[in-house]
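> Starting from these lines, generate the structure:
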Amino acid sequence: MIQIDSQSHIELRTESHREKNNKGNMLRLLSKIYGSVVNAKNKRYDNGKAEIVKCNVPVISVGNLTTGGTGKTPYVIYLANLLIESGIRPVIIGKGYRKKRSGYVLVSDGSFVVNDPDLSGDEMLLIAKKVKAPVVAHESKSEAALIAEKHFSPDVILIDDGFQHRKLHRDIDILLIDSASLSNQNLLPAGRLREPLSSVSRANIIIETGKIGDDKELRNYLTNNQKVFKAEIIPDSLIGLNGKIIDDEEIIKIKDKVLAVSGIAKPERFENTLTSNGFNVVKHIKYRDHKRYSQYIIEEITAECKKIGVNQIIATEKDFVKIRMYSSIFEKNNIECYVFPIKIEIVDGQNEFRDYILSKIESFKEK
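Here you go, the predicted structure:
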């Protein structure tokens, strides 16, 4: 039997505490350096010293301050469909995060969709599948905007995750804020903020997503010209691999025992949505955001299903566009795979929001 005296325990705890402090100090230092770089970049644009690319049609940006998880992609889908319903023809542009091919990629021309997440990036492919409009992926959003404008002659260009891409002039800046954006205001890498909270002053519209509670600190940075709306993330109908919407009677059976799979910024939000809707999540396999799936990984997932005695998988929409490519493996192992979609909607002031967007687009045409 090995005995460790109390003095050794104290020394181990002290050493562990010292290591944590050192790590915390290093992260704070890196955040300070990161913040100074961000501030210097923003000042160049604020002072007119950095080049800004302008399009001949209005540009609307949807973005956030954090490293994901505020509902940008569902909101872009919501806004794009709102524009289409109002007779406005948008083109949607985005980076296509983790796409294998660099440069310009036409994800969709509005009807045909390139069904390859490795080529387009998962978020851009998801948008293309849910919006009947051209979708373009490019590392440079300003270059993407110019190419898209030339090829499609749209009424408006919509940017996915555009708040930090200041090289491209935007006529409407929409900023999504959630509770995490306010609770931890440390910049990267100590926190999740890509810019300080004070940057909300650049936005034309602030969208508060989910339950925020006290937003007093946020409102300290707002101006009288900014519009603030509240939005909710709402679960949509459960869908199978074949695209079939699952009816209520079948959902009751599915809820009994599932394995959740996600590769998103906030996996806990996905799991909470499932459990709050009555799903018994036996296990949740969590991957890094924008996970790139392979046959090996899918076989690992199916093996885990067999190990825990589950034959039903539920994935996020972002993961589903990649997982569905391996449907034959699921079928071979008698495992059903479902997607639990979400949508985001303005809960108060929908008409005011739509009228504001349309009036801005109309005023651009009159210039």
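
> if you count residues, which strand in the protein comes out on top?
The longest strand of the chain (DSSP state E) is strand 227-235.

> The helix or strand that that one is followed by - contacts with which helices or strands?
For strand 227-235, the succeeding helix or strand toward the C-terminus, using DSSP states H and E, is strand 239-240. In terms of contacts (3 or more CB pairs under 8 Å, 6 or more residues apart in numbering; DSSP states H and E), strand 239-240 is packed against strand 336-339. Every residue, glycine included, has its C-beta placed from N, CA and C.

> in the strand it packs on, what's buried?
For strand 336-339, burial by neighbour count (16 or more other CB atoms under 10 Å) applies to 336-339.

> got the contact list for the helix or strand containing Asp173?
Using DSSP H and E, Asp173 sits in strand 172-177. Residues outside strand 172-177 that contact it (CB atoms under 8 Å, 6 or more residues apart in numbering): 58-65, 70-72, 75, 79, 162-163, 200, 202-209, 212, 215, 218, 231, 357, 360.

> isn't Glu143 right up against Val105?
No: at 11.9 Å, Glu143 and Val105 do not qualify as touching, with contact defined as CB atoms under 8 Å.

> Neighbour count for those two, which is higher?
Val105 (21 against 17; other CB atoms under 10 Å).

> Show the contacting residues for that one.
96, 99, 114, 119-120, 124, 136-138.

> Tell me the one of those residues nearest Ser179?
For the contacts of Val105, the closest approach to Ser179 (CB to CB) belongs to Met124, at 26.9 Å.

> pretty sure the closest one contacts Lys141?
No: contact criterion CB under 8 Å: Met124 and Lys141 do not qualify, at 11.8 Å.

> Okay, now the sheet partners of the strand holding Asp173, with direction.
strand 59-64 (parallel), strand 205-209 (parallel) (DSSP bridges).

> out of those, deepest packed?
strand 59-64 (a mean of 26; mean count of other CB atoms under 10 Å).

> can you count the residues close to Asn334?
Neighbours of Asn334 (other CB under 10 Å): 10.

> Using JSON lines, please lay out the buried residues of strand 336-339 together with pLDDT.
Output for those, formatted as JSON lines (pLDDT from 0 to 100):
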{"residue": "Glu336", "pLDDT": "95"}
{"residue": "Cys337", "pLDDT": "96"}
{"residue": "Tyr338", "pLDDT": "96"}
{"residue": "Val339", "pLDDT": "94"}
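
> Please enumerate the helices of this structure.
Along the chain, counting by DSSP state H, helices occupy 6-46, 72-85, 117-120, 122-130, 141-152, 179-183, 216-219, 248-254, 267-276, 295-308, 317-323, 327-332, 350-365.

> Of those helices, which is nearest Lys343?
Using CB to CB, these put helix 72-85 closest to Lys343, at 5.7 Å.

> Check which helices and strands that closest one sits against.
strand 59-64, strand 90-94, helix 122-130, strand 156-160, strand 172-177, strand 342-346, helix 350-365.

> so of those, which one's packed in deepest?
strand 90-94 (a mean of 29).

> give the contact list for Tyr104.
136-138, 143-144, 147.

> Considering those residues, which possesses the most neighbours?
Ala137 (29 neighbours).

> Identify the residues contacting that one.
Contacts of Ala137 by CB under 8 Å, 6+ apart are 93-96, 99, 104-105, 107, 120-121, 124, 144.

> so, if you compare these, which one comes nearest to Ile157?
Nearest to Ile157 among these, with distances taken as CB to CB, is Ile93, at 6.3 Å.

> How confident is the prediction for the closest one, by pLDDT?
Reported pLDDT at Ile93 in the predicted model: 98.

> I'd like to check which residues are in contact with it.
135-138, 141, 144-145, 148, 157-160.

> give me every residue that touches the residue nearest to it when sequence neighbours are not counted.
Using CB to CB, 6 or more residues apart in numbering and skipping the chain neighbours, the partner closest in space to Ile93 is Ala144 (4.1 Å). Ala144 makes contact with 93-94, 104, 136-138, according to CB under 8 Å, 6+ apart.

> quick check, nearest of those residues to Ile251?
Gly94 (32.2 Å).

> quick one on the thing from earlier: need the buried residues of strand 336-339 in CSV with distance to Leu241, can you?
Listed next are these as CSV, based on distance: CB to CB, whole Å:
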residue, distance to Leu241
Glu336, 8
Cys337, 5
Tyr338, 8
Val339, 8
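
> Let me know the closest of these to Ala303.
Once CB to CB is applied, the member of these that ends up nearest Ala303 is Cys337, at 14.7 Å.
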